[in-house]
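>>> Got a predicted structure plus its sequence, pasted below:
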Amino acid sequence: MPASDSSVLRLVASAFAAIPIGFGINAFVRPDHALSFFEFEVPTSPAERDLVNSLMVVYGARDVFMGVALFSALFFGHPKSVGWIMIATSAVAYVDGFVCWTHGRGEWNHWGYAPVLTVLGSLFLGFFDRR
């Protein structure tokens, strides 16, 4: 059986689809905690705090979208779609890490799992299938 058809791979991908949904819900409910993943300081002025809280809703919606897109592709059985969405999700994690790196800390909160998503996506695309 090709690796891209593996039920274990689908299970692992499902776990990685649930994670951004959890992060997104966390950003909606606890924006200060979600901001801590970037290791940024919580603003103290009311105007800055309102802006950051609004941006955390945007961040949360982005994360929920990524997870729902992955679940949708998994549910409807489109491995190549799962692969490309997984790779796109890894690109988001690489960019998040880069932004943290430019601020001097927090990049490994994102870069630690980004390559895992890239490899999983590559598996779904069949890059490691034996033919």
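Thanks, I have it.
>>> how near is the residue nearest to Ile21 when sequence neighbours are not counted to Leu74?
Nearest non-adjacent residue to Ile21, counting by Cβ to Cβ, 6 or more residues apart in numbering: Gly67, 3.6 Å away. From N, CA and C alone the C-beta is placed, and that goes for glycine too. Using Cβ to Cβ, to the nearest Å, Gly67 is found at 10 Å from Leu74.
>>> so what pLDDT did the residue nearest to Ile21 get?
The confidence metric pLDDT takes the value 97 at Gly67.
>>> got it, and Ala3?
67.
>>> returning to that earlier point: I'd say the residue nearest to Ile21 and Pro20 touch.
Yes: in this structure, Gly67 is within contact of Pro20 by Cβ atoms under 8 Å, at 4.2 Å.
>>> gap between the helix or strand hosting Val57 and the chain center?
Using DSSP states H and E, Val57 falls within helix 46-75. Averaging C-alpha positions (Cα atoms, centre = their mean, to the nearest Å) puts helix 46-75 10 Å from its chain's average.
>>> Give me the common contacts of Gly67 and Leu74.
Common neighbours of Gly67 and Leu74, using Cβ atoms under 8 Å, 6 or more residues apart in numbering, are Ala17.
>>> coming back round to it: what touches both of Gly67 and Pro20?
Looking at what touches both Gly67 and Pro20 (by Cβ under 8 Å, 6+ apart), there is no common residue.
>>> Let me know the next secondary structure element after the helix holding Val57.
Beyond helix 46-75 on the C-terminal side, the first helix or strand identified by DSSP H and E is helix 79-102.
>>> name the helices or strands packed onto that following helix?
helix 7-29, helix 46-75, helix 108-111, helix 114-124 (3 or more Cβ pairs under 8 Å, 6 or more residues apart in numbering; DSSP states H and E).
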